[in-house]
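Chemist: Quick one, fold the following:
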Amino acid sequence: MLEVSGLAWAVTIGAVVLLLALDLVVAALKPHRVGFREAVLWSVFYIAVAVVFGVVFWSFAGSQFGIEYFSGYIVEKSLSVDNL
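Modeler: Numbers count the residues shown, from 1 in each chain. As a prediction, this is how the structure comes out:
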């Protein structure tokens, strides 16, 4: 069983809130039609964030939990692509 400290939860939740705020501010400051290039760049950015989180999680929690995280991420990403 994985035990996560309160500090780790606070940092994770803070990072998610920061990313949501960044996304909202960028969208609110310059409302415009999103083109293909911009959509791809934002997608690559958020995929990179997820991969960095997974690598950090793997290094702190161990390979078993890291494999479970990346397996879940790949399944979730494939299901979201299926909705397109």
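Chemist: and the top helix by length along the chain, average pLDDT?
Modeler: Using DSSP state H, we find that the single longest helix of the chain is helix 36-61. Predicted confidence along helix 36-61 averages 95 (mean pLDDT).
Chemist: right, and the helix or strand after that helix?
Modeler: Under the assignment DSSP states H and E, the closest C-terminal helix or strand after helix 36-61 is helix 63-82.
Chemist: what's the angle from that next one to helix 36-61?
Modeler: 160 degrees (axes from the mean of the first three to the mean of the last three CA atoms, to 10 degrees).
Chemist: Pull out the buried positions in helix 63-82.
Modeler: 66, 69-70 (16 or more other CB atoms under 10 Å). C-beta here means a position set from N, CA and C on the backbone, and glycine is covered the same way.
Chemist: Return the distance of the spatially most central residue of the chain relative to Gly6.
Modeler: Geometric centre of the chain, nearest residue: Ala50, 3.6 Å, by CA atoms, centre = their mean. Distance of Ala50 to Gly6, given as CB to CB, to the nearest Å: 23 Å.
Chemist: Pull the residues that contact stretch 15-33.
Modeler: 46, 49 (CB atoms under 8 Å, 6 or more residues apart in numbering).
Chemist: Could I have the CA atoms of that stretch written out in PDB?
Modeler: Taking Å, rounded to 0.1, in the frame of the first residue of the first chain, the C-alpha atoms of stretch 15-33 are listed here in PDB:
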ATOM      1  CA  ALA A  15       0.200  22.100  -9.100                       C
ATOM      2  CA  VAL A  16      -3.100  21.000 -10.600                       C
ATOM      3  CA  VAL A  17      -4.800  24.200  -9.400                       C
ATOM      4  CA  LEU A  18      -1.900  26.300 -10.900                       C
ATOM      5  CA  LEU A  19      -2.200  24.500 -14.200                       C
ATOM      6  CA  LEU A  20      -6.000  25.100 -14.300                       C
ATOM      7  CA  ALA A  21      -5.500  28.800 -13.400                       C
ATOM      8  CA  LEU A  22      -2.800  29.100 -16.100                       C
ATOM      9  CA  ASP A  23      -5.200  27.600 -18.700                       C
ATOM     10  CA  LEU A  24      -8.100  29.800 -17.600                       C
ATOM     11  CA  VAL A  25      -6.000  33.000 -17.600                       C
ATOM     12  CA  VAL A  26      -4.500  32.300 -21.000                       C
ATOM     13  CA  ALA A  27      -7.900  31.600 -22.500                       C
ATOM     14  CA  ALA A  28      -9.500  34.600 -20.800                       C
ATOM     15  CA  LEU A  29      -6.800  37.100 -21.700                       C
ATOM     16  CA  LYS A  30      -6.900  36.400 -25.400                       C
ATOM     17  CA  PRO A  31     -10.100  34.800 -26.600                       C
ATOM     18  CA  HIS A  32      -9.600  33.500 -30.100                       C
ATOM     19  CA  ARG A  33     -10.200  30.600 -32.300                       C
END
